[in-house]
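Enquirer: 3D model of this:
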Amino acid sequence: MFDLSAPVQLSFIFMTIGAIFVVIGVCIYLINVKTKKLKSADKGSKL
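Expert: Numbers count the residues shown, from 1 in each chain. The predicted structure is shown next:
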């Protein structure tokens, strides 16, 4: 039972970590796209 439960918990942890990294990556991508659009429109403003 322990041999089966440990990999399931580890895979669940890795899945949650992977999902968090995917969300962070998508947010960074969207921020980069928005900043590129803002830089093309307003060159002076920075966040």
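Enquirer: can you pull the pLDDT of Pro7?
Expert: What the model reports for Pro7 is a pLDDT of 76.
Enquirer: does it belong to a helix, a strand or coil?
Expert: With DSSP: H, G, I helix; E, B strand; the rest coil as the basis, Pro7 sits in helix.
Enquirer: for it, give me its contacts.
Expert: By C-beta atoms under 8 Å, 6 or more residues apart in numbering, no residues touch Pro7. In short, each C-beta sits where N, CA and C put it, glycine included.
Enquirer: show me how far whatever helix or strand Gly18 lives in is from its chain's centre.
Expert: Using DSSP states H and E, Gly18 sits in helix 2-41. Mean-position distance between helix 2-41 and its chain equals 3 Å (C-alpha atoms, centre = their mean, to the nearest Å).
Enquirer: poorly predicted segments of the chain, please.
Expert: 1-6, 41-47 (pLDDT under 70).
Enquirer: 80 instead, please
Expert: Residue ranges of the chain with pLDDT under 80: 1-7, 38-47.
Enquirer: separation between the spatially most central residue of it and Gly18?
Expert: Residue closest to the mean C-alpha point of the chain, counted by C-alpha atoms, centre = their mean, is Ile24 at 1.9 Å. Separation of Ile24 from Gly18 (C-beta to C-beta, to the nearest Å) stands at 11 Å.
Enquirer: hmm, back to that, in the helix holding Gly18, what's buried?
Expert: Buried residues in helix 2-41, counted by 16 or more other C-beta atoms under 10 Å: none are found.
Enquirer: number the residues from 737 up from this point.
Expert: Got it, the first residue is 737 from now on, which makes the last one we talked about helix 738-777.
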